[in-house]
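>>> Provided below are the primary sequence and the corresponding predicted coordinates.
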Amino acid sequence: MAIQHKDNGEKGKFYVAVAGKTEAEITYVWSGEKRIIIDHTGVSEALKGQSIGKQLVHAAVAFAREKQLKILPLCPFARAVFEKTPDYQDVLF
């Protein structure tokens, strides 16, 4: 399952689409030039239990590392993943 990315310079998302329909997503908004705020994570019932949410958080972390950004995870799910994953602390705001 491929994770796709959209960003319009103000907000963006990492998502998984199945048959043209978004089935999982993590959304963020830009806060300055070097920080994004993760505000929502959602996974459809069809994809639950497959660690898709964690994969979406990982995609956001990889993006942040590539662009030298910091992440503020306001979404409770994303915040929990950050708290349980010491390897992600380098991008945490």
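Happy to help now that I have it.
>>> looking at this protein, which residue ends up farthest from its center?
Distance from the C-alpha centroid of the chain, by C-alpha atoms, centre = their mean, peaks at Ala19 (21.1 Å).
>>> For that one, what are phi and psi?
Main-chain dihedrals, Ala19, degrees, to the nearest 10: phi 50, psi 40.
>>> who touches it in this structure?
By C-beta atoms under 8 Å, 6 or more residues apart in numbering, Ala19 lies in contact with nothing. In this view, the C-beta of every residue, glycine as well, is placed from N, C-alpha and C.
>>> Just the pLDDT at it, thanks.
If you check Ala19, the pLDDT there is 92.
>>> Output stretch 78-85 as PDB, nothing but the C-alphas.
Taking C-alpha atoms only, stretch 78-85 is exported to PDB below (Å, rounded to 0.1, in the frame of the first residue of the first chain):
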ATOM      1  CA  ALA A  78       0.400  10.900  16.700                       C
ATOM      2  CA  ARG A  79       1.400  12.200  20.100                       C
ATOM      3  CA  ALA A  80       1.100   8.600  21.500                       C
ATOM      4  CA  VAL A  81       3.300   7.200  18.700                       C
ATOM      5  CA  PHE A  82       5.900   9.900  19.300                       C
ATOM      6  CA  GLU A  83       5.900   9.100  23.000                       C
ATOM      7  CA  LYS A  84       6.400   5.400  22.300                       C
ATOM      8  CA  THR A  85       9.100   5.800  19.600                       C
END
